[in-house]
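Colleague: Sequence first, then the predicted structure:
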Amino acid sequence: MQTVSSISLAGGQGKTTMVLFVARLLAAKGHTVLAIDADPQSSLTTFLGFTVEPDSPTLLEVLKKQVDTKDGIYETRYNNLFLIPSDDALDTVQDYLAGSGTGALTLGRRLKSVAKLFNYCIIDAPPQRSQISLTVIGASDGLMIPVEASVKGLQSLIRTLELINELKEEDETFGGRVLGVVPFRDRWVGLRRTTESESNIESMKQITSQWFEEDLVLPSIRESEKFKQAINRGLTLHEMGQEDLAYPIEVLVDKIYSLDGKHDKS
């Protein structure tokens, strides 16, 4: 099982949107996918149409090892797509992770018992530096970084890259690879990208070039109501006939395939 997380240290950067559409596309291609909602805001859980019942295990109980990992996994309404949900109680796990001494390794350890059941695990991380963010990154083979095409997004990108670098410096065994930086809410007027978006995306390229030897800024996710419509209707972008909007998601999926040497030939 390859584990990939969506991380960005600010709200509104497109983390959950990216996780949802990447996980659904992988599942639609026939892969068995485990989605994990590691954000106490629980947007991914909601988007997948799942309701956490009282006393039902969630990621909180899985992390604290109060239940076996498999007991925190639920089917969703989509074929091949399963979920470890969250609710706002997940915030209470921070002290547990901080006090364990190996909090950054906790999620990865919990996932080992179910690794043979899934092809891919896609994780939605919380939008701030926290013990939950650390354990999500620590469990990841690959990292997707969505960044709003705005000044706020650029600040989030810098903080996110700094956190990833700190983890690599502290733990030489950390092998999570940045798969790409994805501009989010890229604004266009007609056939032209706005000046603001153009400037901010160029700044993303300059920032990432200071950290990496390759260009990691991927095709952008345009600002469009079609994403909300797809989420509300429970459809993929392809099912809605929005192949152009789906292209950045396809690129991400191919980047995920590269983790184990595969290439999408479908």
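Modeller: Here it is on my side, so go on. Numbering: from 1, shown residues only.
Colleague: Do you have the helices of the chain handy? List them.
Modeller: For the chain, the helices defined by DSSP state H occupy 15-28, 43-47, 59-63, 93-100, 103-111, 131-138, 151-170, 195-211, 225-233, 243-257.
Colleague: Just send the ones you listed back as JSON lines, with mean neighbour count, mean pLDDT and distance to T3 too.
Modeller: Every residue, glycine included, has its C-beta placed from N, CA and C. Shown next, in JSON lines, are the helices of the chain (neighbours: other Cβ atoms under 10 Å; pLDDT from 0 to 100; distance: least, Cβ to Cβ, whole Å):
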{"stretch": "helix 15-28", "mean neighbour count": "24", "mean pLDDT": "94", "distance to T3": "12"}
{"stretch": "helix 43-47", "mean neighbour count": "21", "mean pLDDT": "94", "distance to T3": "15"}
{"stretch": "helix 59-63", "mean neighbour count": "24", "mean pLDDT": "95", "distance to T3": "14"}
{"stretch": "helix 93-100", "mean neighbour count": "15", "mean pLDDT": "85", "distance to T3": "17"}
{"stretch": "helix 103-111", "mean neighbour count": "21", "mean pLDDT": "88", "distance to T3": "7"}
{"stretch": "helix 131-138", "mean neighbour count": "23", "mean pLDDT": "91", "distance to T3": "9"}
{"stretch": "helix 151-170", "mean neighbour count": "17", "mean pLDDT": "88", "distance to T3": "15"}
{"stretch": "helix 195-211", "mean neighbour count": "15", "mean pLDDT": "91", "distance to T3": "22"}
{"stretch": "helix 225-233", "mean neighbour count": "14", "mean pLDDT": "88", "distance to T3": "23"}
{"stretch": "helix 243-257", "mean neighbour count": "19", "mean pLDDT": "93", "distance to T3": "10"}
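Colleague: Pipe the ones you listed into CSV and attach distance to R77 per row.
Modeller: CSV is the format used below for the helices of the chain (distance: least, Cβ to Cβ, whole Å):
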stretch, distance to R77
helix 15-28, 11
helix 43-47, 11
helix 59-63, 20
helix 93-100, 27
helix 103-111, 23
helix 131-138, 25
helix 151-170, 32
helix 195-211, 34
helix 225-233, 12
helix 243-257, 19
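Colleague: Among these, single out whichever gets nearest to G176.
Modeller: Closest to G176 of these, according to Cβ to Cβ: helix 131-138, at 6.0 Å.
Colleague: For the closest residue in space to F118 that isn't next to it in sequence, give me its contacts.
Modeller: Leaving out its chain neighbours, the residue that sits closest to F118 by Cβ to Cβ, 6 or more residues apart in numbering is L34, at 4.4 Å. If you count contacts by Cβ atoms under 8 Å, 6 or more residues apart in numbering, L34 has them with 1, 73, 82-84, 114, 117-118, 120-122.
Colleague: Centre of the chain to stretch 114-133, how far?
Modeller: Offset of stretch 114-133 from its chain centre (Cα atoms, centre = their mean, to the nearest Å): 7 Å.
Colleague: Need the pLDDT of H263.
Modeller: H263 is assigned 47 on the pLDDT scale.
Colleague: before we move on, what about R192?
Modeller: Looking at R192, its pLDDT stands at 86.
Colleague: How about S266?
Modeller: 42.
Colleague: Report the beta-bridge partners for the residue nearest to F118.
Modeller: Beta-bridge partners for L34, by DSSP bridges, are F82, C121.
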